[in-house]
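Participant: sequence first, predicted model second:
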Amino acid sequence: MMALALKKKKVKEKIMLFFTNGLHQGALKIKGTEEEIQTHGDGRSNRHLRIDMNAEVAVLCKHGQLKDALGIVSHMDNEGIRVKTSTYTSLLQVCFNEKSVTLSKLVHAHMIQTGFKPHFSAGNKLVSLYAKWGDLAEARRAMDEMPERNVVSWTTMIAAYARNGYSDTALALYYEMQTTGAQPNKFTFASVLPACANLGALEIGKEIHQEIIGFGLETNLFVGSALVDMYVKCGRMEDAHNVFDKLPERSVVAMTAMIAGYAHNGYIDEALRLFWGMPEADGISWTTVITALSRGGRHEEALILFYRMQCAGIEPDRFTVAGVLPACANMAALEHGKEVHEYLIRSGFQSDVFVGSALVDMYVKCGSIENARQVFEKMTHRNLVSWNAMIAGYARSGYFDESLNLFQKIKLTSLQPDLDTFLGIIHVCANLAALQQGKEVHEDIIKSGLQSDVFLGSALVDMYAKCGSIQEAVKVFDKTPKRDVVLWTAMILGYAMHGCGKEAVRLFEQMQSSGTIPDEVTFIGVLSACCHSGLVNDGWQCFNDMSQLYHIMPTMDHYCCMVDLLGRAGHLDEAMDFINRMPLKPEAAVWRSLLGACGNHINVELGEHVAQRLFELEPEKAANYVLLSNLYAKAGKWDGIGNVRKMMKDKKVKKKPGCSWIEVNRKVYAFVGGDRSHPQTENIYAMLETLSGKIKEAGYVVDTSFMLHDVEEEQKAYGLFHHSEKLALAFGVITMSPGIPIRITKNLRVCGDCHSAIKFISKTVEREIFVRDASRFHHFKDGKCSCGDYW
C-alpha cells in the first residue's frame, strides 16, 4: 500500500511539474483577467472567471499554444475553478495535431488527478488518440473510465482492435456493445467486418451481413466495400460478387478487394479486366495487380505494369517494389532489377527490411551474388527472409562455406531459424558431405521442435545418405511419423546411391503397400538402385509398372536408367535394341551410359559406334573422350588412345579438373589433382609415398590406362597417385584419429586406379573410407568396396 501511495505521489509531482512549466506564461494572461473581474461580487467574478479562463484556453489551443493553455488549466485547478469538457477536448485536439503521445498522457493523467470524468466528446477524443498511436491498453482504459459511452466510443475501440490484429477482441467488444443497447452504425459495421475477414470467420460475417440488411445499409458504399473485402478474404467470391453488383457506385476499396480476390483465386484476367475498368486506380490497386501477375508467372506483364504505373503518375511504394522484384528474379532480368533498385535508392525504401529481403532474393536468382551480398551487408535490420535468401544464394553459387558461416551467425542473433533456414543449410551440408555439421544442424532442428516435419525429414534423409551415413538416414526415416511420396523417394534414392538395390526394391514395395502413390522421381530412384546392383528383372518390372499401373509416361531419365541397367549387366545388344525402340530421340546421357557399359564389357565395335553418336551431340564434352579412351585401354588398343588424345587436342577439349572435399574437425578442405597449396602439403605427400609403398607390397599395381596425357609411364603413375581423392585421403589419415571413418566427396566419377588403390589403403590403415563421386557412394572396408567393382 505504501509503495502504491508513493507511486501515485510521484505521478502527481510529474504532472504538476509539467503543467507548471507553462504557468508563468499563462499567469501573465490570467493576472490581467483577475484584476479586471475583482471589482465585481465574489459569486459573479468566479462565474465570469470560469467562463473567461475556459475561453482563454480554447483560444490558446486554437493557436497551438499548448504550454500556455496547460498553465491556465493548472491555475484553474489550484483555484478550484471547474475545467469544462470542451476545454479538455481542445487540449486533446492540440495533442493530436502535435502527434504527441506524452502530452496526451499528461492531459489524461491531469483528468484523473482532478477527478474529471470525461463525457462523450473528451472521452472519445482520448480513446481515438490512444487508438491512433496503437496504445490499445490506454485506449481501453480511457474508454472504461467514461461514465457513459456512445456508438462512437465502441466503434473507435472495435476499429482499433481490428486494425492492430486483435480481431477476436474486436468481435467480443462488438457483441458487448450490443448488450448495452447501443445501436451500430455504418462505421461500426465497416470496423467489425475486417475482424471477420482477418479471422476467416465466415459464419459470423454472414450474421453481421444480415444485421446490415436489417439496418438498410447493404448498399452503403462504406459498408458494402467492407462486405466485399470480408467475403473475398473468406474465399467466397460469389458472395463478394453479389454484394459488389448491388452497390450503386463502386468505390476504389471495393474494386481493389474484388481485384485481389480474383487474383488470389487465380483469375488474373478477370482481375485485369476490372482493373482497367476502374475510373481512377490508386496505388493499392496497381500493387495488387502487379503482385498478382508476378505470382501468377506472368512476369513480363508485371514488369511492364510497374513502368506504366509510374507513367500514370502513381508512385510505387515498398509493397509494389516487393511485388515486382520476384518478376525480375524469375526472368533473371538483372538489368531491370537494377533499375528497380535505383528507384528504391531514390525513394528511400532501400533500408526497409521487407524490400531489402526481396532485393537480396532478386540478385541471388539473377546470379549476381556480389550484388546480393552488398545489399545484405548494408541492411541495418535483417529478417529471416533476408538471411535465408543469402544462405540459399551462396549455396546456389557454390559458396558452401559462406552459407555455413551465415547459419552460425544467425544463431548469434535473436532470430530463430525456421523451416526454410534448415532446408537451405541441410542442402549445403549434403553438397559438402559435411556429416559432423549436418548432425549439429539436426540437433538444432530437434531443439526447435520441427523434427517431425516431413519436409525436413526428407531433407535429412537425403543429407545423411549423401554424407555416407545410410544408417542415420534410415533412423530419420523410421522416426518420421508422416511419410509422403517425397520422404519415401528420398530413402529409396539413398539406398540407390549406396548400391543397396535389394533394400531399395523392398522399400518401394512397402511404399506401395502403404497406399502412397509413387511419382516419376520415385521410379528413377528404384531404377537407379537396380542399375547399381544388377537387378535386371526388378528393373524391367518397375519400368513396366510405371506406365501400366500408374500411367506415368517414361521420361528421358527413365530410358537412360534402363540403358544403364542393361549395359552394366552386359546386355549390350538388348540395350542397343531398347534405344532403337525408344519413342523419344536419345539424348547424350543415354549414349554415354551405353558407352560406359561398352568399356566395362570391352565391346570396341559397338563402343566406337556409340562414341560417334556422342561426338555429334556433344563434341566438346571431355567425359565422352575419357570413356572411349578407357575402352581402348582395356582392349589394349593403344593407337586408339592416341587418336582420342589427338581429337581432344584438335578440338581444344580439356578434361574438367577433379576436385575432392573432406571434412575434418567441422571444417571442409578442398583438394585438386597435384595440389600443393595446403599448409601441410609436405606431410600429405610424405604420407602418400608411405601409403604407395605399403599397398604395392600388398599387391597393388598402378593402372596407367586411366591417364589421357601423352607422357611417360613413370609420369603417368606419379600423376595418378596425386589425384585429388588420394590427396584428401592422405590428409584424413594424418589429421584424424585412428579408427574414425574418412569421408570424401569428388566432383567427378572416381577413376579405376583410385578405386583400386583406396581398396588397398582401407585394409592397410584399417579404416572405413567413404567416397561419394558423381555416380554413387563407395564404402571401402578391409580391402573391399560396397559396389563390388560394379560401378
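Facilitator: Thanks, I have it.
Participant: flag the shaky bits of this protein, pLDDT-wise.
Facilitator: Counting by pLDDT under 70, the low-confidence segments of the chain come to 1-123, 704-721, 790-791.
Participant: nearest residue to residue 202 in space, please, no chain neighbours.
Facilitator: Ranked by C-beta to C-beta, 6 or more residues apart in numbering and with sequence neighbours excluded, the top spatial neighbour of residue 202 is residue 234, at 4.3 Å. (Each C-beta comes from the backbone N, C-alpha and C, glycine too.)
Participant: I'd like to know how many residues surround that neighbour.
Facilitator: 21 (other C-beta atoms under 10 Å).
Participant: residues contacting it?
Facilitator: When the contact criterion is C-beta atoms under 8 Å, 6 or more residues apart in numbering, the partners of residue 234 are 196, 197, 200, 201, 202, 205.
Participant: hang on, isn't residue 351 packed against residue 359?
Facilitator: No: Residue 351 is not in contact with residue 359 according to C-beta atoms under 8 Å; the separation is 11.0 Å.
Participant: higher neighbour count, those two?
Facilitator: For residue 351 versus residue 359, the count of surrounding residues by other C-beta under 10 Å is larger for residue 359: 31 against 13.
Participant: report the separation between the more buried one and residue 328.
Facilitator: Distance of residue 359 to residue 328, given as C-beta to C-beta, to the nearest Å: 10 Å.
Participant: ditto for residue 298
Facilitator: In this structure, residue 298 lies at 13 Å from residue 328, with C-beta to C-beta as the measure.
Participant: and for residue 388?
Facilitator: From residue 388 over to residue 328 the distance is 19 Å, taken as C-beta to C-beta.
Participant: residue 451 too?
Facilitator: Separation of residue 451 from residue 328 (C-beta to C-beta): 37 Å.
Participant: so between those two, which is more surrounded?
Facilitator: Using other C-beta under 10 Å as the criterion, residue 451 and residue 328 rank with residue 328 on top: 29 against 17.
Participant: look up the closest residue to the more buried one, ignoring the ones flanking it.
Facilitator: In this structure, residue 328 finds its nearest non-sequential neighbour in residue 337, 3.8 Å apart by C-beta to C-beta, 6+ apart.
Participant: what residues does the helix or strand harbouring that neighbour touch?
Facilitator: Here residue 337 sits within helix 334-347, counting by DSSP states H and E. Taking C-beta under 8 Å, 6+ apart as the criterion, the residues outside helix 334-347 that touch it are 303, 306, 315-316, 321, 324-325, 328-329, 350, 355, 359, 362-363, 366-368, 371, 375.
Participant: stretch 286-302 now?
Facilitator: Residues outside stretch 286-302 that contact it (C-beta under 8 Å, 6+ apart): 256, 259-260, 262-264, 266, 268, 271-272, 275, 305-306, 309, 312, 314, 316-317, 319-320, 323-324, 326-328, 330-331, 333.
Participant: buried residues in it?
Facilitator: Neighbour counts using 16 or more other C-beta atoms under 10 Å place 286-296, 298-299, 301-302 of stretch 286-302 among the buried residues.
Participant: cool, stretch 177-191 as well?
Facilitator: For stretch 177-191, a neighbour-count test (16+ other C-beta under 10 Å) marks 177, 182, 184, 185, 186, 187, 188, 189, 190, 191 as buried.
Participant: how about stretch 498-515?
Facilitator: Within stretch 498-515, the residues that count as buried by 16+ other C-beta under 10 Å are 498, 499, 500, 501, 503, 504, 505, 507, 508, 511, 512.
Participant: quick one: residue 464 and residue 472, what's the gap?
Facilitator: Relative to residue 472, and taking C-beta to C-beta, residue 464 is found at 4 Å.
Participant: of these two, which one has the most company?
Facilitator: Using other C-beta under 10 Å, the more surrounded residue of residue 464 and residue 472 is residue 464, with 27 against 19.
Participant: is that one in contact with residue 476, as I believe?
Facilitator: Yes: here residue 464 lies in contact with residue 476, judged by C-beta under 8 Å, at a distance of 6.4 Å.
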